[in-house]
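*Asks:* missing the sequence, but the structure's below:
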Ligand SMILES: Nc1ncnc2c1ncn2[C@@H]1O[C@H](COP(=O)(O)OP(=O)(O)OP(=O)(O)O)[C@@H](O)[C@H]1O
Ligand SMILES: [Mg+2]
């Protein structure tokens, strides 16, 4: 990903509500064409940040700019170029999908000569054409979400804010939204700011992610970069004919867990799979050689890469001081 133009910039951005600091000195730079994942538990400050970036709320300290504009003082100019899918979008229940798209197209000043074509394209892309003339109140949740997303895009915004776009959708609905997000991000350098709890979703869709906790940014980077930073070493799963002897580990850089047990294989009898943590991938061939020498038959060796979910829990453990579940080198 080429980080050529800065689209969203925050500097010590903060927002308090009484005694609650919903967003606490947030500093971020997000670039054109990025799908940026904004992760965090309930109440972490994700939605408040989206509101600040769109001028719906003003900051109590710090500043932000989106497309070079101040969201509070230049909010109307900004909103002509951004689209926001809110957490629980409400639809005009008594209007049809086609009517809603026309209504929003007129509100956003879409050229009337182009609006018919734009509505037709969106209805097609979002799989709504068959029911385009039925009222939105009769739609299923997945269709409602697709319509809300289509409505957000009517003026072809270059920056898109999606606040938990797949919450409450079934797996098919989630997959549809994921495909749309990928498609939308590939069109003309559009930047997408995606708030989500769903780590699988973030790993699949996002170029970079930020993790928020109680209003504060606690980690930021690519999913792979964060995984490497937070979880050193490699976890190996080895399918064999018998539990390997621990002697095979002598002299290898094995990572022990915090309970300080001896360096040892874990063993799952039902799948005949041994597990072990090594501090470097370079030690894998030596381990395989030692197992072969010990007369073990190896059917499969799989380095298990840490997922964004592992990273997320490692960050939580780090901040709560609970390191017991994760080996530390
Ligand atoms: N208008 C408001 N008035 C008072 N407190 C608010 C307001 N909006 C948000 N907060 C508080 O700010 C904190 C952050 O809320 P926010 O909605 O930004 O979190 P979130 O990360 O979007 O959470 P969720 O995952 O549940 O949507 C919470 O403690 C919330 O109660
Ligand atoms: Mg929220």
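*Replies:* Noted; the coordinates are in hand. What you see is a predicted model; the values in this text were computed from it and never measured. Ligands and ions are numbered 1, 2, ... in the order given.
*Asks:* Only C-alpha atoms from now on, for both contacts and neighbour counts.
*Replies:* Will do.
*Asks:* for this structure, what spans make up the helices?
*Replies:* Ranges of helices in the chain, per DSSP state H, are 46-53, 75-79, 97-107, 112-125, 141-152, 171-186, 199-205, 223-230, 284-293, 308-320.
*Asks:* Run the chain-centre distance for the fourth one.
*Replies:* In other words, helix 112-125. The gap between where helix 112-125 is centred and where its chain is centred comes out at 30 Å by C-alpha atoms, centre = their mean, to the nearest Å.
*Asks:* what packs against it?
*Replies:* Applying 3 or more C-alpha pairs under 8 Å, 6 or more residues apart in numbering; DSSP states H and E, one finds that helix 112-125 contacts helix 97-107.
*Asks:* Now do the buried residues in the helix it packs on.
*Replies:* Residues 97, 98, 99, 100, 101, 102, 104, 105 are the ones in helix 97-107 that count as buried (16 or more other C-alpha atoms under 10 Å).
*Asks:* picking that back up, closest to ligand 1 out of the helices of the chain?
*Replies:* Evaluated over the helices of the chain, closeness to ligand 1 peaks at helix 46-53, with 3.7 Å, by C-alpha to the nearest ligand atom.
*Asks:* if I pick the closest residue to residue 311 other than its chain neighbours, what's in contact with it?
*Replies:* Nearest non-adjacent residue to residue 311, counting by C-alpha to C-alpha, 6 or more residues apart in numbering: residue 227, 5.5 Å away. Residue 227 is in contact with 306, 307, 308, 310, 311, counting by C-alpha atoms under 8 Å, 6 or more residues apart in numbering.
*Asks:* about what we covered before: tabulate the buried residues of helix 97-107 (CSV), appending pLDDT and distance to ligand 1.
*Replies:* What follows is the buried residues of helix 97-107, written out as CSV (pLDDT from 0 to 100; distance: C-alpha to the nearest ligand atom, whole Å):
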residue, pLDDT, distance to ligand 1
97, 97, 27
98, 97, 30
99, 97, 30
100, 97, 26
101, 97, 26
102, 96, 30
104, 96, 25
105, 96, 28
